[in-house]
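> Have a look at this prediction, sequence included:
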Amino acid sequence: MLEPESESVVEAVPDQSVAEEWVPEAVAEIVPEPPGPADPAPLGVDRTPTGVAEVDARLARLADADHLGTSGHLEVYEDVHQGLRDTLTALDRRPGPPPPPSPPTGPRPPSTA
């Protein structure tokens, strides 16, 4: 087995007191500060109108998330989701068109032909 020379090992490792004085300044120059959260940016997703004004208004609210940090998206998405549920539920409650008139069910008059 080869044994390392103790002198070369000692020379390769700087004196602890010198390293403590030198490291903080060097680290500040070499290691930049960690980046902060990215600024919000619009995703550029097009929203196609549905033709139902209430639904279109709810979907337009999604644009509010473009200007918020990620932590604010959940509130917007939940608000839009609940609004869409309410709007679609209201659409289901509206009365539809009247049914077509039913044919008379009484006895038929005798034909004269």
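Alright, I've got the coordinates.
> in the chain, which spans are helices?
6-12, 16-30, 53-60, 70-93 (DSSP state H).
> List the buried residues of the longest one.
So that's helix 70-93. 76, 80, 83, 87 (16 or more other Cβ atoms under 10 Å). Heads up, the C-betas are built off the backbone N, CA and C, glycines and all.
> average pLDDT for stretch 97-113?
For stretch 97-113, mean pLDDT rounds to 77.
> Next, work out how far apart the closest residue to L88 other than its chain neighbours and G72 are.
In space, and not counting its chain neighbours, L88 is closest to V55: 7.6 Å by Cβ to Cβ, 6 or more residues apart in numbering. Going from V55 to G72 by Cβ to Cβ, to the nearest Å gives 23 Å.
> which residues are in contact with stretch 98-111?
Counting contacts by Cβ atoms under 8 Å, 6 or more residues apart in numbering, no residue outside stretch 98-111 touches it.
> mind listing what's buried in it?
For stretch 98-111, a neighbour-count test (16+ other Cβ under 10 Å) marks nothing as buried.
> So, low pLDDT: which residues of this structure?
1-39, 113 (pLDDT under 70).
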